[in-house]
Each structure stands twice: as C-alpha cells, then as structure tokens.
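Student: Quick one: sequence and predicted model below, then my questions.
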Amino acid sequence: MPRFINVQAPHPGVRLVTLQRPEALNALCTELLAELAAELASAEADEHTRAVVITGSPKAFAAGADIREMAERDLVGIFNDPRVAHWQRIAAFSKPLIAAVNGYALGGGCELVMCADIVIAGEDARFGQPEINLGIIPGAGGTQRLLRAVGKPLAMQMVLTGEAISARHAQQAGLVSEITVPELAVERALQLAASIAAKAPLAVRLAKEALLKAGDTDLASGLRFERHAFTLLAGTADRDEGIRAFQEKRPAQFKGC
Ligand code: DAK
C-alpha cells in the first residue's frame, strides 16, 4: 500500500492520484516520488487507464523537494540521487496527465506541474521556483521546461528571484490552461480526463507525442512526425468508427485498435 499517495478511479478509464503528505505540504520525498513513478508505470501498463489526474491538498499541490532529506545529501549523494530515475519515469508518462493545482506549487512541485499536459489551477494557486533561496537551482527540469513554457524574461525572473506568481499570471504566461474556483479544480480536471478517456486511445497517444515533439525539435522534423502519425492512424478501426459515427449522427464507440 502506498503511504504518500492515494489512488481512486472516479470515472471509467480515469485515475485520480492525490499526494498525501500534509504535514510537509506534500514535499516530494524520495518515497513519495517512487510511489508516484510506480503508480504512473502501472497506469501506463493498464490498457483501461486512459488519463490520469494528479492533485494535492487545498493548501499545497507540492512545496518542492523535501528540504530535510536534501540537507542529508552531500555531493556524492546527489550524484547518485535515486530521485533522478523517478523524475525521468514521471516525465516519460505517455498517457494524458492533468494537474489540478491548489495552493503552493513550488520548486519540484512546479516542476511536477510542468510534467503534466494540462494544468487546471484554483485561483489561489501559487507557482514558483524558490531554489535560489537555498543556494541551489531547479533540478527536475525547472530551468528548461519553465523557459519553454513562459519564455525567457519570466522564467529568469522566477528562477533568479525565487518569487512565486499567481494562478492568473501563470495562465497569462502559458503555464496554466484554465482557472477555476479552488473547490472545482479537481472536478474540472476529472471532467477533462473523462472526456479524453472517451476518445480513440491511439489518436490520443499520438496527439500527445506529436505535441511534445513541437517543444523539442525543429519545425520540419515536427511536421514530418505529425505526417507519419496522421498516416498511421489511417490504418486504425477507431478512425473508421469515428468517421462512420459522424456520418450516422451517433456517438463513436472507440476500441483502441
Ligand atoms: N520540504 C520539507 N518540509 C517542508 C517543505 C519542503 N519543501 N515545505 C514545507 N515544509 C514543512 C515545514 O517545514 C513545516 O513543517 P513543521 O515545521 O511544521 O514540521 C510544514 O511543512 C508547514 O510549512 P510552513 O510552516 O513553512 O508553512 P507556511 O504556510 O508558513 O509556508 C511555504 C508555506 C510553502 C511558503 C513554506 O513552507 C516554504 O517556503 N517551503 C519551502 C518551499 C521551497 O523552498 N521549495 C523548494 C525546495 S527545493 C532534483 C529534483 C528536484 C529538486 C532538486 C533536485 N533532482 C532530481 C536532482 C527540487 C528542489 C526543490 O524543490
């Protein structure tokens, strides 16, 4: 049984993962990260899981890496840090990952948000990379993904000052897709996850892969990938079903083949 996460299945095809370490504002200790990485690996392997929502508590999505744990690691400890592998597994999750964020999303918490594909924020959420206040820099992709998400000036401002930004600012900057009242962030994220879960799984998978390509390759290579992915989907039964359902004016029943 995981200790620091709770997993529910509120809709068919949807898993809701809640970080549960309230005494430390969901600080991402190694054990929590290991549980999260294992849960995503299980969701990855389960063909019935089509989307995952990750959330925290009303006060904190996650307040970053566990600073107490970090204090115990010297250079060699950081060199052999088991968290690196957990983060890599989390970032490599191939199914849609939706973050529902309330309260603090700081340091590793903000980096976890940036591993998500869609971000719903309660209007009280705060996003920041305060590592500079500890004499370090972001270590789970914060310098790379933040710059790609919000552009150079704001990424520099956040990383160099450590100052957090509001949900509204994060949305304007491109870090957040939608804002809700805090009580509805999870519900809205689940609604989107349920909608995605009803789509053709192979199309969803290739759409995510193609969109992610846009962030890390040149335009010509990205367009080539899109073309190949588009062509591949022409051979699926779900594409035939989608087109037929449109013509017959009924909802499509996708099967994942
Ligand atoms: N780690 C451990 N405990 C934390 C914590 C954290 N990040 N954040 C909060 N807590 C604990 C507090 O110590 C306190 O515990 P007690 O004293 O009650 O035992 C409890 O949670 C409640 O916190 P506060 O009393 O401080 O609550 P406040 O409302 O006053 O303040 C706050 C909330 C979020 C503003 C404040 O707690 C805060 O500033 N927290 C630290 C935020 C922070 O600096 N985060 C960045 C950490 S560095 C890597 C991957 C990732 C990373 C690095 C490497 N590799 C793979 C190599 C990431 C690094 C980071 O995230």
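Tutor: Nice, thanks for sending it over. Numbers count the residues shown, from 1 in each chain.
Student: Which residue ranges of the protein form helices?
Tutor: Per DSSP state H, the chain carries helices over the ranges 30-45, 67-71, 75-79, 83-91, 108-115, 142-150, 152-161, 167-173, 185-197, 201-216, 219-233, 237-247.
Student: Any idea what the residue nearest to residue 116 when sequence neighbours are not counted is bridged to?
Tutor: Counting by C-beta to C-beta, 6 or more residues apart in numbering, residue 116 lies nearest to residue 99, which is 3.7 Å off, once chain neighbours are set aside. Just so you know, the C-beta spots here come from the backbone N, C-alpha and C atoms, and that holds for glycine as well. Beta-bridge partners for residue 99, by DSSP bridges, are residue 54, residue 119.
Student: Quick check, residue 99 in contact with residue 54.
Tutor: Yes. With contact defined as C-beta atoms under 8 Å, residue 99 and residue 54 form a contacting pair (5.4 Å).
Student: who touches both of these two?
Tutor: Between them, residue 99 and residue 54 share these contacting residues under C-beta atoms under 8 Å, 6 or more residues apart in numbering: 112, 116.
Student: Kindly tell me how buried residue 167 is, as a neighbour count.
Tutor: By other C-beta atoms under 10 Å, 26 other residues sit near residue 167.
Student: hmm, I was thinking of residue 225
Tutor: Neighbour tally, residue 225, other C-beta under 10 Å: 17.
Student: Next: residue 47.
Tutor: The tally of other residues near residue 47 (other C-beta under 10 Å) stands at 9.
Student: Read off the pLDDT value for the spatially closest residue to it that is not a sequence neighbour.
Tutor: Excluding the flanking residues, the one nearest residue 47 by C-beta to C-beta, 6+ apart is residue 256, at 6.7 Å. Per-residue confidence (pLDDT) for residue 256: 93.
Student: Same question for residue 123.
Tutor: Residue 123 is assigned 98 on the pLDDT scale.
Student: so what's it up against?
Tutor: Residue 123 sits next to 167-168, 179-182 when contact means C-beta under 8 Å, 6+ apart.
Student: Just the buried residues from those residues, in PyMOL please.
Tutor: In PyMOL, this line selects whichever of those come out buried by 16 or more other C-beta atoms under 10 Å:
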select buried, resi 167+179+180+182
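Student: Tell me the spacing between the nearest residue to residue 14 once chain neighbours are set aside and residue 26.
Tutor: Nearest non-adjacent residue to residue 14, counting by C-beta to C-beta, 6+ apart: residue 193, 4.4 Å away. Between residue 193 and residue 26 the distance is 20 Å, computed by C-beta to C-beta, to the nearest Å.
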